[in-house]
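Novice: pasting the structure only:
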């Protein structure tokens, strides 16, 4: 069984979904139970996979994967097409935590739909299960074409979930979401094909897409840095929209607001991570030079998104839209950490994906629970709910704190590591001899998000929970069998997430140790890129670290928008300064001492 | 050391366990007995503290003896930090955050003299205040208030956080404690969450603190960037080391750094030389950024705005968190990092100036307020200002001494105010009642004694500690700060006794609806009396009975300071030997006179000639309203930060909406323009897109693969 564990894990929800859809005689109640059962069984398989993963961890070094499966369809032999299609699966230290995240959240999202979804249950749960399998497929795929197929296929179930079971503007939102993300990934598809064509040089003349071959391309010099620049752009188009990176985020708030609760949960917790995951396992190792050329731009956009999302979140009246904008802000951290070329940043970044999934997923769940009771998310119409819903208030405060990075909970660890990695990015070390592309100013502006995050999240918590009780006319709606405060089912949904938040906040070491072996090769690949070739002056030079050391006096006049330009001239000046006037520098330091 | 380690971890854990248990089962099973779990946890934690402190005292004594023997035998005692090397070690509990290459940021604790002093402030006062709360959080019939168990759970959480803060062995754990006390403070200020003011004050406290923490976090990252470690001792030793070298001794400093940081991360040659070149600038920035955090937590200008509003929380919270313990965390931070601050003259100047400015600023506001708790809050700001003033002039031990004495009398004053409030059915405006001396005898006496201590009345707690600070400031290179300190002392004595006079002296007056003023029960009065005893005698640990003749029979710098000496030795080494002069006795007379003058004036103004204050207020023109409205700082912040940022947010959101709508317009019309949107039926559009996508994909795939 372990030989096919991953295929079974991916196929199970697919088959379950089809079964639910096909069995038209099932009562809605049975549909719910069967779907939940299938989802839980899949989650158990994911846990079994984790057990195997843990036992075979030694295989992870050097880009290894565990539970590998590989079925090749040599189209050249069958139909004359010069291509090898592969169904190739495997888990590494990056995909494992995300698979676990998916396996945790999807059953909870299904469970959370029990009272909210009252129409077309069969179709709904079938689509949820379909989405579940697809998401697992994306994280397990070890072949670019397979990855792309899964990646795109996630659109279809979510499109229907938003379009059929969404809010009043659901059709608009679904179309927007679909067209927006699809148009981005069309460019990505061109990139996929180009890479496959390039890989044919390594695969005996047939197009190949498996990750192992693709990672050889850049290493063997088959992709020039210009090609990599374009390829990064092609993949950026798909992934940046999915993340969503500022300014490609405009579809997200609308999609979130209109989506049903479970759709929002899955969208925020897992689907957004497909973009960051793509950047990490495709763009960085396959086009390292492209990644490094784009890193400053990605960094500036990430920082801009952190601030933009936070300020936009602050002025929302709709709780869901507020949390949606917070996602725009939070995902910026993921990208900063990923491209900072420090192990702490990368580990923090993957951890951030998981943590954001947990806390934002939980926040959407809670908002859904409020919505089911009051049929509104407008903060002007609901307020002071802590009095009537103390348990809900506890969880909302808890996940708010997790979201704003309170130490002891999960968000802090990843936020701290990402920002620390970004802050020390410039510094040379034994992995990245040239240092990374970011530095203290990226970290400083990025860190403003920890302040702004507290502002808008507490603004929300205060209005919803504290102050005078405000309810819509007639109080809460108990027609679905809900009680005023959370029911046992709802508490049962939130407790596993809360436990995970505490565990990842207090003792994340096992997860970090899981990720590192798989992150190391990526970091090493990207760190090897000689950035001087594309006009990055920050090359290894005797006085480099001196020049890069962000002495505050040197950094003061760097504006936000002009990181790279200012840096270059500053750096050059500083290098010259150190080279020419070493003795005078020493003298000036002595003077300072004397002055004191 | 093993015992120290295993005992120390229980200090925070026990209150946490109590808190979690109360949170879990309090509402359903314990109800009005909820306090017992937290009291038990804190009491056991107190036992652990006493055991730890006695170990530290023993260790320190031994180190001291070794030192003495060594000096007698002429052996060179190379480094001051060797004195108590065992005490300066931090012990790792577990590895927390991976920095790659198998290097970790750890969860580690450190127990030394400074930790001991802080623990002796936090846990015993915490214990008394938890006991006091048992009485306070009930109505006159002994029924607990709504949220009783929640209150005790939060108090336990706070004591956990605060002890983590002071026990931290590196900057990361310090930051953890720092943020967690912020959370506890948020939860407790917002305890009466249905009051909009309380909810607002809670949020304000958290956010203003985050402003400071933003700088604090940057400071921590800059420390890591510079030294490659966050461990206290390694950072402090590195700074001390760097201060010993000139710029032209790269090899030597590099070797020393590598030896020092060897077990952690070794900065490469270029990084180390960068360190030497920039060390002055770097250290200054580190110190200033860390101080941002201190300004937030200790409510110094310009981040002071949250503390007066925090008085919306229940009074025991104000006493514990917003007077005695949490707000002194900033002072603790600077004292802990004394080496870093001492290495930067700019930072020292800044700390001292902010402290003096806050001391005076807050005292002037306190003159005009009528809410007893707010007066005490401004007084706390002012006293914290004194502590920073002391830190800024290099009198680190005096700052910690004042922190220690202040904790007693200020906690007692707050609890006294709480007792009054309890008797007045929640009224705390001193214009609404008066002459309570007879009705609340225990409250009055303890409040009076503590007020004397705050005013700097001779031979009480603050007399010793405040004098030391003013003396150090006058003797240092910023004597102006000392004069500001003296002026503030006068104001302090005046506003304190203005409050005493209005609340307790004169004719009896009760607020409407209150028939009798009842003295509070034992749960409340016993802690009051114990704290009042502290307010009288706490100062004597910092006093030596010396043999300098009559005039010097009470010299400053006693046991307390000797105990702390090793902690501040290297900072004082950097600042240069600064022998405590014994010429300051004249100051004692002056400050006694000032205190008595202030008290006498308040007595005269508010009991003998109650018309005078009004006349002065009228005559002062715009000054009185300016003070009454707290210099309009809140309004200014709202106008220059909050509103513009919200406008920007609205603009961002508006542009998003615009972007979405225009895109939707394009999308909506695209099919028609292209002519393939044959039917605009609702189902048709959706299917059309899906079909189009699949067809397009297949076509594209075929096209490419064929080629």
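Specialist: Everything's here; your move. Model, not experiment: these values are computed from the prediction.
Novice: what's the nearest residue to the one residue sitting closest to the centre of chain B if we skip its chain neighbours?
Specialist: When CA atoms, centre = their mean is applied to chain B, the residue found nearest the centroid is residue B:327 (2.5 Å). Leaving aside its sequence neighbours, residue B:327 sits nearest to residue B:298 (CB to CB, 6 or more residues apart in numbering or on different chains; 5.2 Å). All C-beta spots, glycine's among them, are computed from the backbone N, C-alpha and C.
Novice: my guess is the one you found meets residue B:391, correct?
Specialist: No - proximity of residue B:298 to residue B:391 does not meet the contact threshold set by CB atoms under 8 Å, at 10.5 Å.
Novice: who touches both of those two?
Specialist: The contact sets of residue B:298 and residue B:391 overlap at residue B:331 (CB atoms under 8 Å, 6 or more residues apart in numbering or on different chains).
Novice: Give me the phi and psi for the closest residue to chain A within the stretch 51-200 of chain B.
Specialist: Per CB to the nearest CB, the residue of the stretch 51-200 of chain B with the smallest distance to chain A is residue B:100, at 2.4 Å. Here is the backbone geometry of residue B:100 (degrees, to the nearest 10): phi 80, psi 160.
Novice: In space, what's closest to it - neighbours in sequence excluded?
Specialist: Once chain neighbours are set aside, the closest to residue B:100 by CB to CB, 6+ apart is residue A:343, at 2.4 Å.
Novice: Check the one you found and give its pLDDT.
Specialist: pLDDT, the model's per-residue confidence, is 89 for residue A:343.
Novice: from what I can see it touches residue A:520, true?
Specialist: Yes - shown here, residue A:343 and residue A:520 form a contact pair, counting by CB under 8 Å, at 7.4 Å.
Novice: Looking at the two now, which is surrounded by more residues?
Specialist: Neighbours were tallied for residue A:343 and for residue A:520 using other CB atoms under 10 Å in any protein chain shown; the higher tally belongs to residue A:343 (25 against 20).
Novice: ok, which stretches of the stretch 451-600 of chain B are helices?
Specialist: Ranges of helices in the stretch 451-600 of chain B, per DSSP state H, counting those that start in this stretch, are B:461-475, B:479-504, B:522-537, B:559-575, B:585-603.
Novice: Could you say which one of the ones you listed comes nearest to residue B:323?
Specialist: In this view, those are compared for proximity to residue B:323 by CB to CB, and helix B:522-537 is the closest at 11.1 Å.
Novice: what secondary structure does residue A:467 sit in?
Specialist: In three-state terms, and counting by DSSP: H, G, I helix; E, B strand; the rest coil, residue A:467 is coil.
Novice: residue ranges with poor pLDDT in the chain?
Specialist: No chain in the question, so chain A it is. When the per-residue scores of chain A are filtered using pLDDT under 70, the ranges that remain are A:1-2, A:74-80, A:534-596.
Novice: Wait, chain B was what I had in mind.
Specialist: Across chain B, the stretches falling below the confidence threshold (pLDDT under 70) are B:1, B:64-86, B:245-278, B:545-557, B:577-585, B:660-707.
Novice: for it, what's the longest helix?
Specialist: Ranked by residue count under DSSP state H, the longest helix found in chain B is helix B:35-72.
Novice: Which strands and helices lie in contact with that one?
Specialist: Under the contact criterion of 3 or more CB pairs under 8 Å, 6 or more residues apart in numbering or on different chains; DSSP states H and E, the helices and strands touching helix B:35-72 comprise helix B:2-8, helix B:10-25, helix B:85-88, helix B:113-136, helix B:148-167, helix B:559-575.
Novice: quick one, it and helix B:113-136 angle?
Specialist: Relative orientation of helix B:35-72 with respect to helix B:113-136: 160 degrees, computed using axes from the mean of the first three to the mean of the last three CA atoms, to 10 degrees.
Novice: Tell me who's in contact with the residue nearest to residue B:327.
Specialist: Taking CB under 8 Å, 6+ apart as the criterion, residue B:298 is in contact with B:327-331, B:384, B:387-388.
Novice: biggest separation within those, which pair?
Specialist: Farthest apart among those by CB to CB are B:329 and B:388. That separation is 12.4 Å.
Novice: Is chain A within reach of the longest strand belonging to chain B?
Specialist: Determined from DSSP state E, the single longest strand within chain B is strand B:90-98. Yes - in this structure, strand B:90-98 sits against chain A according to CB under 8 Å from any CB of the partner chain; the contacting residues are B:94-98.
Novice: ok, back up a step: phi and psi next, for the residue nearest to residue B:100.
Specialist: For residue A:343, the backbone dihedrals are phi -60, psi -40 (criterion: degrees, to the nearest 10).
Novice: which residues does it contact?
Specialist: With contacts defined as CB under 8 Å, 6+ apart, residue A:343 is in contact with A:421, A:431, A:516, A:519-520, A:523, B:98-101.
Novice: wait, which of these is closest to residue B:192?
Specialist: Ranked by distance to residue B:192 (CB to CB), the contacts of residue A:343 are led by residue A:421 at 41.6 Å.
Novice: tell me which residues in stretch B:14-27 are buried?
Specialist: Of the residues in stretch B:14-27, B:14-23, B:26-27 count as buried by neighbour count, 16 or more other CB atoms under 10 Å in any protein chain shown.
Novice: Make TSV out of those and add distance to chain A.
Specialist: As requested, the buried residues of stretch B:14-27 are exported to TSV (distance: CB to the nearest CB, whole Å):
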residue	distance to chain A
B:14	17
B:15	14
B:16	10
B:17	15
B:18	17
B:19	13
B:20	11
B:21	16
B:22	14
B:23	9
B:26	12
B:27	8
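Novice: For residue A:152, which non-adjacent residue is spatially closest?
Specialist: residue A:185 (5.9 Å).
Novice: With residue A:508 instead?
Specialist: Taking CB to CB, 6+ apart, and ignoring the residues beside it in sequence, residue A:508 has residue A:413 as its nearest neighbour in space, at 5.2 Å.
Novice: doesn't residue A:507 make contact with the one you found?
Specialist: No - taking contact to mean CB under 8 Å, the distance of 9.7 Å between residue A:413 and residue A:507 leaves them out of contact.
Novice: Common neighbours of those two, please.
Specialist: Shared contacts of residue A:413 and residue A:507, defined by CB under 8 Å, 6+ apart, comprise residue B:96.
Novice: Show me which residues of the stretch 101-250 of chain A sit near chain B.
Specialist: By CB under 8 Å from any CB, the residues of the stretch 101-250 of chain A that approach chain B are A:152, A:156, A:159, A:163, A:171-172, A:174-176, A:178-180, A:182, A:189, A:193, A:207, A:247, A:249-250.
Novice: What subset of these is buried?
Specialist: For those, a neighbour count by 16+ other CB under 10 Å gives the buried set as A:152, A:156, A:159, A:163, A:171-172, A:174-176, A:178-180, A:182, A:189, A:193, A:207, A:249-250.
Novice: In helices only, show me those.
Specialist: Checked against DSSP H, those include these in helices: A:152, A:156, A:159, A:163, A:171-172, A:174-176, A:178-180, A:182, A:189, A:193.
Novice: so who does the residue of the stretch 451-600 of chain B at minimum distance from chain A touch?
Specialist: Among the residues of the stretch 451-600 of chain B, residue B:574 lies nearest to chain A; the distance is 9.4 Å by CB to the nearest CB. Counting by CB under 8 Å, 6+ apart, residue B:574 makes contact with B:240, B:243, B:339, B:342-343.
Novice: The longest strand of chain B: how far from the chain's middle?
Specialist: Between the mean C-alpha point of strand B:90-98 and the mean C-alpha point of its chain there is a distance of 25 Å (CA atoms, centre = their mean, to the nearest Å).
Novice: got the buried residues for the helix or strand just after that strand?
Specialist: Beyond strand B:90-98 in the direction of the C-terminus, DSSP states H and E gives the next helix or strand as strand B:104-110. With burial defined by 16+ other CB under 10 Å, the residues of strand B:104-110 counted as buried are B:104-110.
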